[in-house]
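> model the structure of this input:
(chains A and B)
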Amino acid sequence: RKEVEQDPGPFNVPEGATVAFNCTYSNSASQSFFWYRQDCRKEPKLLMSVYSSGNEDGRFTAQLNRASQYISLLIRDSKLSDSATYLCVVNKAEGYSTLTFGKGTMLLVSP
Amino acid sequence: EPEVTQTPSHQVTQMGQEVILRCVPISNHLYFYWYRQILGQKVEFLVSFYNNEISEKSEIFDDQFSVERPDGSNFTLKIRSTKLEDSAMYFCASTWTGNTGELFFGEGSRLTVL
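The predicted model follows:
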């Protein structure tokens, strides 16, 4: 089983659509979870952390299910500028900042 | 806004040559990292560095790789004898604490080995 597995994508959606990304991770010792965004041929940038209770940042909502080792990201009201690859990221274990990245799911938002 | 800077942005080298990739982390950060991303693949951890020593390294980071922080500002990755499979984008990252997932990445150095 891959350490961090994501939907292969790409997802093609029209502006204004709601889109959901799914991710599973294999390391039960992971304690910290994140979504990063990577634009084409650019560096990854932190989009948001994912907390056990779920959290929201504007149009973005992240959920975590530790029992299922599952993470999700929901984007509402998609904008053209949301087009990017979304990376699911987990840390190795508590106290470690070493990150394990998923391969990412590409999102293409069209007018 | 402070940022991590990397040089060169692109380097082309012959197989077997030594390459040094340079990074200037954000000035008040204490933890430094190198990651790499082969084209079309995921971002992979290479090494973490804290207090002037390696704190963790991956299986990828074999004897051909080394890191150092020679002067308190630069953080370098050296590949002693490059192989074709070393062709990738190499990202430097830094952060102020060892217990965070918010890494600040540089724009990357693209290494092409011919």
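> from what I can see residue B:100 touches residue A:97, true?
Yes: counting by Cβ atoms under 8 Å, residue B:100 does reach residue A:97; the two are 5.8 Å apart. All C-beta spots, glycine's among them, are computed from the backbone N, C-alpha and C.
> which one of the two has more residues nearby?
residue A:97 (22 against 16; other Cβ atoms under 10 Å in any protein chain shown).
> got a list of what the more buried one touches?
A:91, B:31, B:33, B:48, B:95, B:97, B:98, B:99, B:100, B:101, B:103 (Cβ atoms under 8 Å, 6 or more residues apart in numbering or on different chains).
> inside helices: which ones of these?
Judged by DSSP state H, the subset of the contacts of residue A:97 located in helices is empty.
> any chance of a markdown table for these, columns distance to residue A:29 and pLDDT?
Formatted as a markdown table, the contacts of residue A:97 follow (distance: Cβ to Cβ, whole Å; pLDDT from 0 to 100):
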| residue | distance to residue A:29 | pLDDT |
| --- | --- | --- |
| A:91 | 9 | 88 |
| B:31 | 20 | 92 |
| B:33 | 20 | 96 |
| B:48 | 17 | 94 |
| B:95 | 20 | 91 |
| B:97 | 19 | 79 |
| B:98 | 16 | 72 |
| B:99 | 14 | 70 |
| B:100 | 17 | 71 |
| B:101 | 15 | 75 |
| B:103 | 19 | 90 |
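> and residue B:106, backbone torsions?
phi -80, psi 180 (degrees, to the nearest 10).
> counting neighbours, what do you get for it?
Neighbours of residue B:106 under the rule other Cβ under 10 Å: 25.
> need the per-residue pLDDT for it.
For residue B:106, the model assigns a pLDDT of 97.
> quick one: it from residue A:25, how far?
26 Å (Cβ to Cβ, to the nearest Å).
> show me which residues of chain B sit near chain A.
Contact residues (Cβ under 8 Å from any Cβ of the partner chain) of chain B with chain A: B:31, B:33, B:35, B:41-45, B:48, B:56, B:89, B:91, B:95, B:97-103, B:105-108.
> buried ones from those residues, can you make that a PyMOL selection?
To isolate the buried members of the residues of chain B next to chain A in PyMOL, using 16 or more other Cβ atoms under 10 Å in any protein chain shown:
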select buried, chain B and resi 31+33+35+42+43+44+45+48+56+89+91+95+98+100+101+102+103+105+106+107+108
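> elements contacting the host helix or strand of residue B:90?
Secondary structure assigned from DSSP states H and E places residue B:90 in strand B:88-95. Packing partners of strand B:88-95 (3 or more Cβ pairs under 8 Å, 6 or more residues apart in numbering or on different chains; DSSP states H and E): strand B:5-7, strand B:19-24, strand B:31-37, strand B:75-79, strand B:104-105, strand B:109-113.
> who does the first one pair up with?
Sheet neighbours of strand B:5-7, with direction, are listed as strand B:19-24 (antiparallel) (DSSP bridges).
> check contacts around the residue lying closest to residue B:82 once chain neighbours are set aside.
Excluding the flanking residues, the one nearest residue B:82 by Cβ to Cβ, 6 or more residues apart in numbering or on different chains is residue B:113, at 4.6 Å. Contact analysis of residue B:113 by Cβ under 8 Å, 6+ apart lists B:13, B:14, B:15, B:82, B:83, B:84, B:85, B:86, B:87.
> show me the contact partners of the strand or helix carrying residue B:67.
Taking DSSP H and E as the criterion, residue B:67 maps to strand B:65-68. Here strand B:65-68 makes contact (Cβ under 8 Å, 6+ apart) with B:34, B:46, B:47, B:49, B:54, B:75, B:76, B:77, B:78, B:79, B:80.
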